[in-house]
Every structure is written in C-alpha cells, then in structure tokens.
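# sequence plus the predicted model coming up.
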Amino acid sequence: MLESVYKHLERLQEQVRDLPPFQQAILKKAVEELSNSLQEMAASSQFESATSKAAKLVELEKTNHLLERTVAQQTTQLRKLQEQLDKEISQHRRDNLALTKSEAKLQTALRNSPDIISIIGSDGRVKYHSAALERILGYNSEERIGKFHGELIHPDDLLAWRYYFGKLLENPGVGKPIEYRKRHADGSWIYLESIGNSLLHDSSLQGILIDSREIGERKQAEIAIRESESHYKVISQITSDFAYSWQVLPDGKFAPEWATEAFERCTGSLPKQLKSSGWWSLELVHPDDREILIKQLEGCTFSRTGANEYRIIDRQNQVRWVRDSWQAVWDKTEGRVVRLWGVCQEITDRQQVQLKLQLANEVSQAQIASAPLAVNCIGNDGTAVAWNRAAEELFGWTAAEVLGQPLQNILEGQKQDFYGVLKSACNGKLQNGLEVCLLKKDGSSINVWMWAAPVRDPGGDILGTINIFSDLSERKRIEEERQKLAALKNMEEPFWARYVSPSKIPKKNSDK
C-alpha cells in the first residue's frame, strides 16, 4: 500500500514542476510534509510489523511447543492404544482358536456320543440330531431335520410323550426321564429312555434338548425279572417253603403283611391269621426258640441280611425245623428299615440227618481218642485235625502242639513221598500196612506200619485222610533175633568152633 502511495507522490512531484513558482512552493511543501508523514508512517508500520512478527514468533513458538507436547502425548497415547489393540487382537485370536477347538471337541463329542442328542422346536419339529441317530435307529440325521419328533414313537407310547412334551413347553428346565419305543429304520421297535431340558428361552438354542439312550437290554432284564418273580410266585405256591413280608412301623414294631400259600401247608395256619396276630402270638414258634426270633426282628435294624434256624409247632403239635432267611429294606428318605422280606425253608429232615451225623461224629471221635494205636487225621491243606493220646505217646508231640499245623514228624527227604501216599489215599487207593520211617520229638526216628483211608463229608466230598500207625521197632527186633537163631540152627558146627583148634574139636560118632 505505501509503495503505491509513493509512486503517486513521485508523479505529483513531477507535475509540480509544471506549476507556477508560488503554487509550486506551496505544493512542494505540502508534498514534502506528506512525504515525511508517509515515511514516519512507513517507519511506524515497519516497527509495528516487526513487533507483531516477533510477538507472533513467540506465540508461534509457544504454540509449537504446546503442539509438540500434545503430539508427544498423543503419540504416547496412540502407542498405548496400539499395544492395547494388539493385545486385544491376540486375545481375540486366542479366544477364536479356543472357541474353534471347543466347537471341534463338542462336535467330536456329539459324533461319538452313545446317546442321541436332539433339539426339538416348540412346534415339535426336529432342529438337530446327533450322529448316534443312525447307529441306534438307522436314520440319517440330516434327513430327519424338520420332521416331527413324535411320528416315529410307538402308538401306545405317543400319548405319554405328548403329555411329557407339553410339560417341557410349560416348565423350563430339566424334566424327569421318560421311556418309550421308537420305530427303527428296519421296522423294529427300539426302547429308549429320554431326558428333556427345556431351553426355549435360551437365545443360543431356542429349543428343547432331548438326550435319548437305548435301554433294550435293560428292558429285557426287567421283563426277565418280572417273569422270574412270576415263576417264583408259582413255585412258592407249590413248594413246602413259604415267603413272607413284615412292615416295620416307625415305633419299631412289626406288622405282618402277607405270606405265600405254602405257609398253610407248612404250619397248618392260614396267612390271614399271621396278619392278625403274628408269629409268637399264634404259638407257632417253639417256646425255646421264640427269643431267637425276637432278636432276629430287633437286629434287622442293624443288619441288612440274616438267617436263623428255629423250630415251629404246627396244628398237629408236630415240631418242624425251618431256616428263616431275611432281607431288610432300607428307606433313604426315612433313614430306617421299613420292611422285612423273608423265606422259610423246612429243614426237619436235614436237621435230623445232622443230628445223626453229629452223634456219629462224636462216636468216631471217642473211638479215635481211645484207640490203642496212634491215629491222626490230615486235612486237604496238609494240617493235622486229629491227634489221639496213642500218637502223643508214640511220637512225643502233644495234640496242642500238632493240631492246625503241618506234620512235624516227617523226614525232610521223605515229605514228597509221604504226602504222595496221602494223595493216593484221597484218590481211593487205600494204604494197608505201608512201612515208613518217621521222626519223634526227641529227634530219633521210628519205623511204623501205616494205614491210610479218605475221610468224606455227608455229600461225599473228601475232607482229608485218617492215618493209623503201629510201631515196628519191637517187632523188627524180634524178627532179627528170630532170623539170627534160625541162622545158628542151620550151621554145621557151633559158632564157637572158629575159636577152638581143630584137633580139640570132638568128632561125631558116625556109628550113632
């Protein structure tokens, strides 16, 4: 702007020369004053401009420093944000990898699960089936998508399924198990047990999760059990043994519930009489055995199973032995025994046989104890179960030292042969008069004759062997003396002839 004014001023000075001197002087003076004013103005403007520039430079420098600090702060913040972003990206990648692995595991688990995992929509249509569907029912899982879940259920079970499914629609959560039959692809019916979990309000599923497993073997077992129970009931009705049930009341008392029909044939009393009065009130149990039965009933609260043998008196006043085997039923909810099941088997004949066997056994023990010869019995395990007084005197060991222990009077090198003899006796090969050499307690040996025979129980099973021993020492000594005397008798000249000169031996008279 000032430069333009200066140019106009220079033109004006050039034009002043063309004016008259008087006007030229006035105008020249005015031009000079104007020029001076312009110069002052220019100088002032330059100063202000310089001052303004300096202030601007200072302000600009401050701004620059502020901007540098701001940029540094922003750079630091950006670096932190970048690091945080990198961490989040890394975590996101790890989460995605874990999710991928988890989904892979879930898919693997679903593919290899023995159960059929299904997702059913609220309309009853299938949204998902696991691969087990083909293995159990023979259908392709993809082909069943969109089909109604209930269309393969047995008609007799369909109503129960609809009721169950309706409950799942009304009540979110896990339902109770349900059993039903489903048609296999080959037309057969498969028993399934299913548990439903209503997850209709779960945004990730929005359906009902059904876990189904095949229970064909279990159903067959249940059918077999029912048939077995039916057979047992028939058998219990036609046999002399009878079954019964007692109810255990909260106060500890027992209330008869029922007894099979064989109860009447065995006791002569009706089952309804048992219900109304009980065992001892019927005077059914022998007076000497009633306490045993009462203890049995009291003990059922501590033991789950038990058995007792006692006598009963029937309507004809005949005494019969029975074996009473019972099973206590424990109720977890009440925390006590609530029922007692039992079976009574008549064992009168067996008891009489046992009494006879007991008597025979006592007689045998008395005979062994009083036998003049040494007798012992060896069990199948090789230990002594009998050792009489004669054996104590012959071998030196007392019964207390021998019973329950392996035999101690067998020579070390003859054990295999000795037990081989016992094994032969157990196999039916009797040993009569076998000569053996055995030890005595003092360490000396003794020659004996041995007889061995098997010992059997009432069922014919071999329990061990009975062995009888006779001392051969004295007999051997006598036999040896007898043999020596016989040898001397058969000599042509007396034994003392060897010690006398031949000329002094008297000659036999040939004439005599």
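Arrived safely. Numbers count the residues shown, from 1 in each chain.
# what ranges does this protein have for its helices?
Using DSSP state H, the helices of the chain run over residues 2-16, 21-112, 132-137, 155-170, 216-238, 262-267, 271-277, 290-299, 348-370, 389-395, 399-402, 415-426, 473-489.
# buried sites along stretch 191-207?
By 16 or more other C-beta atoms under 10 Å, the buried positions in stretch 191-207 come out as 191-194, 196-199, 207. To be clear about C-beta, it is placed using only N, CA and C from the backbone, and glycine gets the same treatment.
# nearest to residue 173 among those residues?
Comparing those against residue 173 with C-beta to C-beta places residue 198 closest, at 6.1 Å.
# just the pLDDT for the closest one.
pLDDT for residue 198: 92.
# can you check residue 139 too?
93.
# ok, now residue 502?
54.
# quick one on the thing from earlier: how about the buried residues of stretch 191-207 in TSV, adding distance to residue 344?
Shown next, in TSV, are the buried residues of stretch 191-207 (distance: C-beta to C-beta, whole Å):
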residue	distance to residue 344
191	38
192	42
193	38
194	43
196	47
197	49
198	52
199	55
207	57
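# now the residue sitting nearest the centre point of the chain: how far from residue 224?
For the chain, the residue nearest the mean C-alpha position is residue 218 (19.0 Å; C-alpha atoms, centre = their mean). Look at residue 218 and residue 224: by C-beta to C-beta, to the nearest Å, they are 10 Å apart.
# ok, now residue 93?
Separation of residue 93 from residue 224 (C-beta to C-beta) stands at 58 Å.
# now do residue 263
With C-beta to C-beta as the criterion, residue 263 and residue 224 are 27 Å apart.
# per-domain residue ranges of this protein.
2-76, 113-214, 221-346, 369-476 (automatic domain parsing).
# any chance of these in TSV, with distance to residue 102 too?
Converted to TSV, these look like this (distance: least, C-beta to C-beta, whole Å):
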stretch	distance to residue 102
domain 2-76	38
domain 113-214	14
domain 221-346	38
domain 369-476	62
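# out of those domains, which gets the lowest mean score?
Across those, domain 2-76 gives the lowest mean pLDDT, at a mean of 67.
# hmm, who's touching stretch 415-423?
For stretch 415-423, the surrounding residues in contact (C-beta atoms under 8 Å, 6 or more residues apart in numbering) are 378, 382, 410, 431, 434, 436, 450, 452, 465, 467.
# please repeat the previous calculation with a cut-off of 6 Å.
Stretch 415-423 has contacts (C-beta atoms under 6 Å, 6 or more residues apart in numbering) with 410, 431, 465.
# count of neighbours near the residue lying closest to residue 141 once chain neighbours are set aside?
Leaving aside its chain neighbours, residue 141 sits nearest to residue 129 (3.8 Å; criterion: C-beta to C-beta, 6 or more residues apart in numbering). Number of residues near residue 129 (other C-beta atoms under 10 Å) recorded here: 26.
# if residue 129 is in a bridge, with which residues?
residue 118 (DSSP bridges).
# that one and residue 203: what is the separation?
From residue 129 to residue 203 the distance is 22 Å (C-beta to C-beta).
# cool, residue 68 as well?
52 Å.
# ok, the spatially closest residue to residue 384 that is not a sequence neighbour to residue 258 distance?
Distance criterion C-beta to C-beta, 6+ apart; nearest residue to residue 384, sequence neighbours excluded, is residue 402 at 4.8 Å. The spacing between residue 402 and residue 258, counted by C-beta to C-beta, is 55 Å.
# now tabulate the contacts of stretch 415-423 in a markdown table and tack on neighbour count.
Below are these laid out as a markdown table (neighbours: other C-beta atoms under 10 Å):
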| residue | neighbour count |
| --- | --- |
| 410 | 17 |
| 431 | 18 |
| 465 | 22 |
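# list just the nearest of the residues you listed to residue 349.
residue 465 (29.9 Å).
# one step back: from the buried residues of stretch 191-207, which two are the most distant?
191 and 199 (25.8 Å).
# neighbour-wise, which of residue 263 and residue 224 wins?
Neighbours were counted for residue 263 and for residue 224 using other C-beta under 10 Å; residue 263 has more, 22 against 10.
# how near is residue 218 to residue 465?
51 Å.
# and the closest residue to residue 435 other than its chain neighbours, bridged to which residues?
Once flanking residues are discounted, residue 435 sits nearest to residue 449: 6.0 Å by C-beta to C-beta, 6+ apart. For residue 449, the beta-bridge partners are residue 435, residue 470 (DSSP bridges).
# list the contacts of residue 449.
So residue 449 contacts 433, 470, 472 (C-beta under 6 Å, 6+ apart).
# repeat for residue 178
By C-beta under 6 Å, 6+ apart, the neighbours of residue 178 are 164, 194.
# 8 Å instead, please
160-161, 164, 193-196.
# taking those residues, tell me the two that lie furthest apart.
With distances taken as C-beta to C-beta, the most widely separated pair in these is 160 and 195, at 14.5 Å.
# and stretch 147-160, what's buried?
149, 152-153, 157.
# who's in contact with residue 340?
Neighbours of residue 340 in contact, by C-beta under 8 Å, 6+ apart: 245-248, 254, 297, 300, 326-329.
# count the neighbours of the spatially closest residue to it that is not a sequence neighbour for me.
Spatial nearest neighbour of residue 340, excluding adjacent residues (C-beta to C-beta, 6+ apart): residue 246 at 4.1 Å. Look at residue 246: counted by other C-beta under 10 Å, it has 25 neighbours.
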